[in-house]
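Chemist: Here is a sequence together with a model predicted from it:
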Amino acid sequence: MTPSTSTSGESIHAVDPRDHVAAALRDLTRGETVRLGDETLVVGADIPKGHKIATRSVRSGEDVLKYGWPIGRATVDIAPGDHVHVHNLATRLDGIEGYTFSPPQPTPSPTASPQTFQGFRRKNGRAGTRNEIWVLCTVGCVANTARRIAEKANQRFAGRVDGVHAFPHPFGCSQLGDDLAHTRKLIAALASHPNAGGVLILGLGCENNQLEALLESAPDIDPERLKSFTTQMVEDELEDGLAAVEALVEIAERDQRQPIPISDLVVGLKCGGSDGFSGITANPLVGRIADKVAEAGGTPVLTEIPEIFGAENVLLQRAASREVFDAAVTVIDDFKRYFIDANQPIYENPSPGNIAGGITSLEEKSLGAVQKGGRTPLVKVLRYGEKVGPHGLTLLEAPGNDAVSSTALTAAGATVILFTTGRGTPLGFPAPTLKIASNSGLAQRKPGWIDFDAGQVLEGVSMDAAADKLMKLVIETASGKATKAELNGEREIAIWKSGVTL
């Protein structure tokens, strides 16, 4: 399921020789003739760029293949040259499925790579790509207080560390069960992140998410680099907060970047606002980076469980053990039950923007999305709020929402996030986030958002050459080069809420 590289001048592009469809590389007009290899097709309808054209006949009720896998069933007879989209293709997904474990094939052990990045080695051995002070809060009631402290601290201590950033959120009170646990776990995990050279945690005092309980849940936080207080118990929370940040800056400013092997790099893999080219350009390109990092002993982390539905077997067949397979199946099935228990269909995806960009079904979106995980074996599965352990490709439980899943990636330990997009977004997250455009039009239209143009692989640049360029940018970013989102001040978190509010 590795897309070939298109050559400049082609009008359509098929990913796999078994496919029934190809992607339009430009707007196609009804009646024109296009070529695919030695075949010629007469375009049967106006087809927008990024959408699918049928390359062979499909009978009503039969599966339609893309990436060599079914992306849905034809709802009417489809002829070569037809536009294939929501009017003639429907999802095959319906409820919980059964999966069969296949013993993994032997794979080579990670090989030490000479590549390094200039990072920060922390006391617990983890490696950071930034040396920042993070201001966190137990509850939304002190969210604005955290912002005010960070704003004043950035003015007062400019240049002494990589920045002071507040990550407010609206939760922490009137929460029960999993919601309260999610909030606590996420804040505790962020507090021990290696990109934070120091952390200030603000509490209010009367919230469900009590500061003392939060700190007890995070024993791996370096106590020298942690300050905390409840704002109800101090006279001036702003001045107390600035004094705490100053003490943290005095410690963190002594930290120096040093060469660190990429085996210590944790890379989050994320897609948002996908289009018809995401699974052909940006996602497989990021998959090459995931393989490079994993082969060197590093840790790529894949998430967005609902955007695996329909492509589960592509990932499950790479499970390194029965234990990993069972853990992955549990996370996938639990997420499907989450939809079913809420009386929602599991296939309530793709989004309107995805559909406008040419993605028809959740299977199509998922088959493109899982390519971010490359071909490396799946070695670990994490539940929401857990942190990375063994090196190698890791699957993390989180929804598809951009902010929630990217926050979960950061909390898991990602020190760089690779975010592919076909539609574009200005959002950024606590870990430096590289935006990778699936098409050159987006990269040209939004240069203030986009860090890398993956559309070049449709213009004659080989996937290997583009992967080398992107890997170079990843290393530069890990070594301190600011992403577009960082330059724009886009730094947000979002926490998964699934239950009642008191």
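Modeler: Cool, got the structure. The model shown is predicted, which means the values in this text are computed figures rather than measured ones.

Chemist: for this protein, what are the low-confidence residue spans?
Modeler: 1-9 (pLDDT under 70).

Chemist: is it true that residue 39 touches residue 55?
Modeler: Yes: here residue 39 lies in contact with residue 55, judged by Cβ atoms under 8 Å, at a distance of 7.1 Å. Quick note: C-beta positions are derived from backbone N, CA and C, even for glycine.

Chemist: Residue 40 is in what secondary structure piece?
Modeler: strand 39-42 (DSSP states H and E).

Chemist: any idea which helix or strand comes after that strand?
Modeler: Later in the chain than strand 39-42, the nearest helix or strand by DSSP H and E is strand 52-54.

Chemist: Quick one: residues in contact with that next one.
Modeler: Strand 52-54 is contacted from outside by 12, 20-24, 28, 34, 41, 43, 47, 66, 78-85, 276, 358, 360, using Cβ atoms under 8 Å, 6 or more residues apart in numbering.

Chemist: Let's see which of these end up in helices.
Modeler: When helices are assigned by DSSP state H, not one member of the contacts of strand 52-54 lies inside them.

Chemist: circling back: who's more crowded, residue 39 and residue 55?
Modeler: Between residue 39 and residue 55, counted using other Cβ atoms under 10 Å, residue 55 has the larger neighbour count: 21 against 12.

Chemist: residue contacts, that one?
Modeler: Residue 55 is in contact with 12, 14, 19, 20, 21, 22, 36, 39, 41, 80, counting by Cβ under 8 Å, 6+ apart.

Chemist: which non-adjacent residue is nearest the fifth one?
Modeler: Nearest non-adjacent residue to residue 21, counting by Cβ to Cβ, 6 or more residues apart in numbering: residue 52, 4.1 Å away.

Chemist: From residue 318, how far off is the one you found?
Modeler: 27 Å (Cβ to Cβ, to the nearest Å).

Chemist: higher neighbour count, the two?
Modeler: residue 52 (27 against 23).

Chemist: picking that back up, just the buried ones out of the contacts of residue 55, please.
Modeler: 12, 14, 19, 20, 21, 22, 36, 41, 80 (16 or more other Cβ atoms under 10 Å).

Chemist: Turn these into CSV, columns for distance to residue 460.
Modeler: As requested, those are exported to CSV (distance: Cβ to Cβ, whole Å):
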residue, distance to residue 460
12, 16
14, 17
19, 22
20, 26
21, 23
22, 18
36, 17
41, 22
80, 27
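
Chemist: and of those, the nearest to residue 329?
Modeler: residue 19 (27.4 Å; Cβ to Cβ).

Chemist: List the contacts of that closest one.
Modeler: Counting by Cβ under 8 Å, 6+ apart, residue 19 has contacts 55, 65, 66, 67, 68.

Chemist: and which of the buried ones among the contacts of residue 55 is nearest residue 104?
Modeler: For the buried ones among the contacts of residue 55, the minimum distance to residue 104 (Cβ to Cβ) is 26.9 Å, reached by residue 19.

Chemist: Could you pull up phi and psi at that closest one?
Modeler: Here is the backbone geometry of residue 19 (degrees, to the nearest 10): phi -70, psi 150.

Chemist: Next, work out how far apart it and residue 348 are.
Modeler: Residue 19 is 26 Å from residue 348, by Cβ to Cβ.

Chemist: Could you do residue 37 as well?
Modeler: Counting by Cβ to Cβ, the gap from residue 37 to residue 348 is 37 Å.

Chemist: Neighbour count: these two, which is higher?
Modeler: residue 348 (11 against 8).

Chemist: Contact partners for the closest residue in space to that one that isn't next to it in sequence?
Modeler: Leaving aside its sequence neighbours, residue 348 sits nearest to residue 339 (Cβ to Cβ, 6+ apart; 7.4 Å). Neighbouring residues of residue 339 by Cβ under 8 Å, 6+ apart: 306, 345, 346, 348.

Chemist: In this structure residue 47 contacts residue 34, no?
Modeler: No: look at residue 47 against residue 34 with Cβ under 8 Å: they stay out of range, at 9.7 Å.

Chemist: Residues that sit against both of these two, list them.
Modeler: With Cβ under 8 Å, 6+ apart as the test, residue 47 and residue 34 both reach 28, 53.

Chemist: Show me which of those two is the more surrounded one.
Modeler: residue 47 (27 against 22).

Chemist: And the residue in the chain sticking out farthest from the centre, how close does it get to residue 229?
Modeler: Computed with Cα atoms, centre = their mean, the residue of the chain farthest from its C-alpha average is residue 235, at 41.3 Å. Note on residue 235: its distance to residue 229, by Cβ to Cβ, is 11 Å.

Chemist: Then residue 60?
Modeler: Counting by Cβ to Cβ, the gap from residue 60 to residue 229 is 66 Å.

Chemist: of the two, who's got more company?
Modeler: Counted by other Cβ under 10 Å, residue 60 and residue 229 do not tie: residue 229 has more neighbours, with 17 against 11.

Chemist: what kind of secondary structure is that one in?
Modeler: strand (DSSP: H, G, I helix; E, B strand; the rest coil).

Chemist: which ones are touching it?
Modeler: Per Cβ under 8 Å, 6+ apart, neighbours of residue 229: 202, 203, 237, 240, 244.

Chemist: Now do the one helix or strand the first one maps to: distance to the chain's middle.
Modeler: When elements are defined using DSSP H and E, residue 202 is found to belong to strand 196-203. For strand 196-203, the distance from its own C-alpha centre to the chain's C-alpha centre is 25 Å (Cα atoms, centre = their mean, to the nearest Å).

Chemist: what does stretch 142-162 give?
Modeler: The answer for stretch 142-162 is 27 Å, by Cα atoms, centre = their mean.

Chemist: do the same with stretch 12-21
Modeler: Chain-centre distance of stretch 12-21: 26 Å, with Cα atoms, centre = their mean.

Chemist: so where do the strands sit in the stretch 251-400 of the chain?
Modeler: 258-261, 266-271, 299-302, 378-382, 393-396 (DSSP state E, counting those that start in this stretch).

Chemist: helices and strands around the last one, which ones?
Modeler: Using 3 or more Cβ pairs under 8 Å, 6 or more residues apart in numbering; DSSP states H and E as the contact criterion, the elements in contact with strand 393-396 are strand 299-302, strand 378-382, helix 402-412.
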